[in-house]
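**Student:** I would like to see how this sequence folds:
(3 chains)
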Amino acid sequence: MSDKKKTTIVLFSGDYDKAMAAYIIANGAAAYDHEVTIFHTFWGLNALRKDEPYNVKKGFLEKMFANMMPRGADRMSISKMNFAGMGPKMIKHVIKKHNAMTLPQLIGLAQEQEIHLVACTMTMDLLGLQQGELLENIEYAGVAAYLGEAENGNVNLFI
Amino acid sequence: MSDKKKTTIVLFSGDYDKAMAAYIIANGAAAYDHEVTIFHTFWGLNALRKDEPYNVKKGFLEKMFANMMPRGADRMSISKMNFAGMGPKMIKHVIKKHNAMTLPQLIGLAQEQEIHLVACTMTMDLLGLQQGELLENIEYAGVAAYLGEAENGNVNLFI
Amino acid sequence: MSDKKKTTIVLFSGDYDKAMAAYIIANGAAAYDHEVTIFHTFWGLNALRKDEPYNVKKGFLEKMFANMMPRGADRMSISKMNFAGMGPKMIKHVIKKHNAMTLPQLIGLAQEQEIHLVACTMTMDLLGLQQGELLENIEYAGVAAYLGEAENGNVNLFI
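**Tutor:** Have a look, this model is predicted:
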């Protein structure tokens, strides 16, 4: 086991603002030399979806889920005041105005900082998501791998 | 104090999918020999309700809360895409298709694995829930007991 | 570094009930002699707003956010069963009936117990909130300060 401090985040939420919070904390921790893992499960998996459509054979229910869920970080809605999609536009506007980073930029930074971006294989299965639909260079694991990290974590959050 | 690793989860949410995530992590941690406590508070208490109606004397407001809240794990709605109840049906359908466990099954497994299922007495009081309405073999405690566990916890989550 | 146990909470949510849970845990931990920090970010900042209007020069978007968001803890809505504002009334009614504490009272107690109430400067900036709009005697900091506390925390929660 390394001597590095460790931060783990379970990203369950598919909300743009919550995912932003998760990635801001994660990038901050990585900058402070923590070893950081974000474990994406349920709706949090949408942050890892590619934004182009991906042609793949799916069952009916899996197709429904895939179509109803946002394809990628940029399309996610916010947890409060979504107002038929106006909320995310406002958030993105103020982000730009204040030279802050958008969610896709925060995810890009996380990859540069070698944060472990993990997709939960069990919920991928449930929601019918396949590896080809998700970003490159991410890891695939189950709850056991998460717990292995978290039990030695200094900061463990569920978002 | 035992040498076992310790996991504690505050289950605040009354959403089917969030409660699933809580119980999947809890059951995983118990399988890895952690001592595990799930502290059910606010809407998370609904996961512990029996599914049959329970005849009990209540004040007007307590009756309203009791009637508006789902009676038991199987009746909880999901946090995203609930679509007038269609979401939970879809989730339960894919769970069955993939031979995964439903929430009531996950709760049953947690009881077999001797996970401490605790109901927060203060919020039971607020919401007018009585012990006879909740599952057998659960524990009753307040925030002090939770903190006593969590301060020695390896993994502490709020869900 | 002191020998005190440490609890940190990221309060992201702007829901009355979730903020109650955060402040109940925080006040409990302070009573058990933990050093406690609540780091308010995104919608959680609304818990720290003064309830009188505050006249301040803002851009258009910042004004929109400011007007759409609740001014202070007492005006926040609840995460479930909000029913056009009826939910918070019910919650406040049962709180009173059971001699429990309202959210503004819990915040007052936290200040008496010297819990560190921190406002996240980065999200204040994004949402256009200014120091004059927030309660007196709170602290201002960024994610780095949060991580500095949390990496030595016994109990770290994201709410």
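
**Student:** List the residues that contact residue A:124.
**Tutor:** Counting by Cβ atoms under 8 Å, 6 or more residues apart in numbering or on different chains, residue A:124 makes contact with A:45, A:130-131, A:140. Just so you know, the C-beta spots here come from the backbone N, C-alpha and C atoms, and that holds for glycine as well.

**Student:** Tell me how far it lies from residue C:38.
**Tutor:** Using Cβ to Cβ, to the nearest Å, residue A:124 is found at 35 Å from residue C:38.

**Student:** So the most centrally placed residue in chain A versus residue A:139, what's the distance?
**Tutor:** In chain A, the centroid-proximal residue (Cα atoms, centre = their mean) is residue A:47; its distance is 4.1 Å. Separation of residue A:47 from residue A:139 (Cβ to Cβ): 14 Å.

**Student:** Can you name the residues of chain A that neighbour chain B?
**Tutor:** For chain A, the residues in contact with chain B (Cβ under 8 Å from any Cβ of the partner chain) are A:10, A:12, A:14, A:41-43, A:59, A:61-62, A:64-65, A:68-69, A:122, A:125-128, A:143-144, A:146-147, A:150-153, A:156-158.

**Student:** Run through these and flag the ones next to chain C.
**Tutor:** By Cβ under 8 Å from any Cβ, the members of the residues of chain A next to chain B lying near chain C are A:156-158.

**Student:** how about the closest residue to residue A:61 other than its chain neighbours, what does it touch?
**Tutor:** Leaving aside its chain neighbours, residue A:61 sits nearest to residue B:94 (5.7 Å; criterion: Cβ to Cβ, 6 or more residues apart in numbering or on different chains). Residue B:94 is in contact with A:61-62, A:65, A:126-128, B:100, counting by Cβ under 8 Å, 6+ apart.

**Student:** How far away from the center of its chain is the longest helix along chain A?
**Tutor:** For chain A, the longest helix by residue count, based on DSSP state H, is helix A:16-31. Centroid separation between helix A:16-31 and its chain, computed with Cα atoms, centre = their mean, to the nearest Å, is 10 Å.

**Student:** Next, the angle helix A:16-31 makes with the next helix or strand after that helix.
**Tutor:** Sequence-wise, the next helix or strand downstream of helix A:16-31 (DSSP states H and E) is strand A:35-40. Here the directions of strand A:35-40 and helix A:16-31 differ by 160 degrees (axes from the mean of the first three to the mean of the last three Cα atoms, to 10 degrees).

**Student:** Is there any residue in strand A:35-40 that contacts chain C?
**Tutor:** No: using Cβ under 8 Å from any Cβ, strand A:35-40 stays clear of chain C, with a minimum separation of 10.7 Å.

**Student:** So which residues make contact with the helix or strand that that strand is followed by?
**Tutor:** As assigned by DSSP H and E, the chain's next helix or strand after strand A:35-40 is helix A:60-68. Helix A:60-68 is contacted from outside by A:58, A:127-129, A:133, B:81, B:90, B:93-94, B:97, using Cβ under 8 Å, 6+ apart.

**Student:** and helix A:60-68, which residues are buried?
**Tutor:** A:61-62, A:64-66 (16 or more other Cβ atoms under 10 Å in any protein chain shown).

**Student:** what's the answer for stretch A:124-142, then?
**Tutor:** So stretch A:124-142, judged by 16+ other Cβ under 10 Å, has buried residues A:124, A:126-129, A:133-135, A:138, A:141-142.

**Student:** Looking at those, which are in helices?
**Tutor:** A:124, A:126-127.

**Student:** still on that earlier bit, now do the longest helix of chain A: which elements does it pack against?
**Tutor:** strand A:6-11, strand A:35-40, helix A:86-97, helix A:103-112, strand A:155-158, helix C:143-150 (3 or more Cβ pairs under 8 Å, 6 or more residues apart in numbering or on different chains; DSSP states H and E).

**Student:** lowest-confidence stretch among those?
**Tutor:** If you rank the helices and strands packed on helix A:16-31 by mean pLDDT, helix A:86-97 sits at the bottom with a mean of 79.

**Student:** returning to that earlier point: just the closest of the contacts of residue B:94 to residue B:54, please.
**Tutor:** Residue B:54 lies nearest to residue B:100 out of the contacts of residue B:94, by Cβ to Cβ, at 29.6 Å.

**Student:** Can you tell me the closest non-neighbouring residue to the closest one?
**Tutor:** Residue B:100 sits nearest to residue A:126 (Cβ to Cβ, 6+ apart), 6.3 Å away.

**Student:** who touches that neighbour in this structure?
**Tutor:** Neighbours of residue A:126 in contact, by Cβ under 8 Å, 6+ apart: B:91, B:94-95, B:98, B:100.
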